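>>> I would like to see how this sequence folds:
(chains A, B and C)
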Amino acid sequence: MDGLSLIKAASAIGAGLAMIAGIGAGIGQGYAAGKGAEAVGKQPEAQGDIVRTMLLGAAVAETTGIYGLVIALILLFANPLFG
Amino acid sequence: MDGLSLIKAASAIGAGLAMIAGIGAGIGQGYAAGKGAEAVGKQPEAQGDIVRTMLLGAAVAETTGIYGLVIALILLFANPLFG
Amino acid sequence: MDGLSLIKAASAIGAGLAMIAGIGAGIGQGYAAGKGAEAVGKQPEAQGDIVRTMLLGAAVAETTGIYGLVIALILLFANPLFG
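Numbers count the residues shown, from 1 in each chain, chains lettered A, B, ... in the order given. You can find the predicted model right below:
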């Protein structure tokens, strides 16, 4: 077995591990969705402001999931360890 | 054992690990569904607005689970590490 | 198999593990988004102050996710263990 194959194998596992970060965004954004739906039920006239705030906060919560995706894509398609 | 077999074995593990991200969307969207149902029970006349907000937020919460699925599919069907 | 390949393989796994830190920021920021949406629904006239406070807190919650990203990038692009 050559060294490059070992590095590639580990990169496949690393890419999968990096995606686990997405757990956080899923929980957090779902909480925001629930609170947003609750708020709209109480103040339907403020729906626009509520949804805008919910989506702005959810976009921030998405970032660490995106970081994990970026690292996974680097490991798969632009891996600097193969040099 | 040849190197390609090791890379393929690790890719199988990586694909499985990537799917763990789905934990988050499951919890978050379930919370949103619960809060949405609660809100509809309190203000049935606002059902349309509540459900729209809930589904919009749940769609956002789905994204990181989709990212994990995409990485798993790449590892299985379009694996760049086999080169 | 040479030692450098083993170090590179372990670095790929380490980079993936570091991204798991993002779970925390995702949950926390999503909670902030939900509470922010709730508060805007109750006091729409205070939306500017609510959103500013939410984003300030979310920025602080982002830091540990950034730490994980920095370590992952160091492992991939500026790894001091290869010497």
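
>>> in chain A, which spans are helices?
A:3-19, A:22-42, A:47-77 (DSSP state H).

>>> Quick check, central residue of chain A?
Residue closest to the average C-alpha location in chain A (C-alpha atoms, centre = their mean): A:G65, at 1.9 Å.

>>> wait, what's in contact with that one?
Listed by C-beta atoms under 8 Å, 6 or more residues apart in numbering or on different chains, the contact set of A:G65 reads A:21-22, A:24-26, B:21, B:63-64, B:67, C:22, C:26. (C-beta placed from N, C-alpha, C; glycine too.)

>>> Show me the shaky parts of chain A.
Low-confidence segments of chain A (pLDDT under 70): none present.

>>> any idea how far C:A39 is from A:I74?
38 Å (C-beta to C-beta, to the nearest Å).

>>> Ok, A:A78 next?
A:A78 is 42 Å from C:A39, where distance means C-beta to C-beta.

>>> neighbour-wise, which of those two wins?
The residue with more neighbours, out of A:A78 and C:A39, is C:A39; 21 against 10, by other C-beta atoms under 10 Å in any protein chain shown.

>>> Around A:G48, how many other residues sit close by?
The burial count for A:G48: 11, using other C-beta under 10 Å.

>>> Skipping its backbone neighbours, what lies nearest A:A15 in space?
With C-beta to C-beta, 6 or more residues apart in numbering or on different chains as the criterion, A:A15 has its nearest non-adjacent residue at 4.0 Å, and that residue is A:A72.

>>> Let me see the contact set for that neighbour.
A:14-16, A:18-19, B:18, B:71, C:16 are the contacts of A:A72 under C-beta under 8 Å, 6+ apart.

>>> A:A33 now?
Counting by C-beta under 8 Å, 6+ apart, A:A33 makes contact with A:54, A:58, B:28-29, B:31-32, B:35, B:53-54, B:56-58, B:60-61, C:34.

>>> let's see 6 Å
Applying C-beta atoms under 6 Å, 6 or more residues apart in numbering or on different chains to A:A33 gives the contacts B:32, B:54, B:57-58.

>>> Just put the helices of chain A in JSON lines and tack on distance to B:Q47.
Shown next, in JSON lines, are the helices of chain A (distance: least, C-beta to C-beta, whole Å):
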{"stretch": "helix A:3-19", "distance to B:Q47": "35"}
{"stretch": "helix A:22-42", "distance to B:Q47": "9"}
{"stretch": "helix A:47-77", "distance to B:Q47": "13"}
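
>>> Which single residue of chain A ends up nearest chain C?
Among all residues of chain A, A:G28 sits closest to chain C, at 1.7 Å; criterion: C-beta to the nearest C-beta.

>>> ok, now how distant is A:L81 from A:G34?
Taking C-beta to C-beta as the measure, A:L81 falls 41 Å from A:G34.

>>> Comparing those two, which residue is more hemmed in?
Using other C-beta under 10 Å as the criterion, A:L81 and A:G34 rank with A:G34 on top: 32 against 25.

>>> pretty sure the more buried one is touching B:A32, no?
Yes: counting by C-beta atoms under 6 Å, B:A32 is a contact partner of A:G34 at 4.1 Å.

>>> Enumerate the residues of chain A near chain B.
Applying C-beta under 6 Å from any C-beta of the partner chain, we find that chain A lies next to chain B at A:1-2, A:5, A:8-9, A:12-13, A:15-17, A:19-20, A:22-23, A:25-27, A:29-34, A:36-38, A:40-41, A:44, A:47, A:58, A:65, A:69, A:72, A:76-77.

>>> rewinding a little: disregarding flanking residues, what is the spatial nearest neighbour of the residue of chain A closest to chain C?
Excluding the flanking residues, the one nearest A:G28 by C-beta to C-beta, 6+ apart is C:G30, at 1.7 Å.

>>> burial count for that neighbour?
Applying other C-beta under 10 Å, we find 36 other residues in the vicinity of C:G30.

>>> Quick check: buried residues in stretch A:67-81?
A:67-69, A:71-76, A:79, A:81 (16 or more other C-beta atoms under 10 Å in any protein chain shown).
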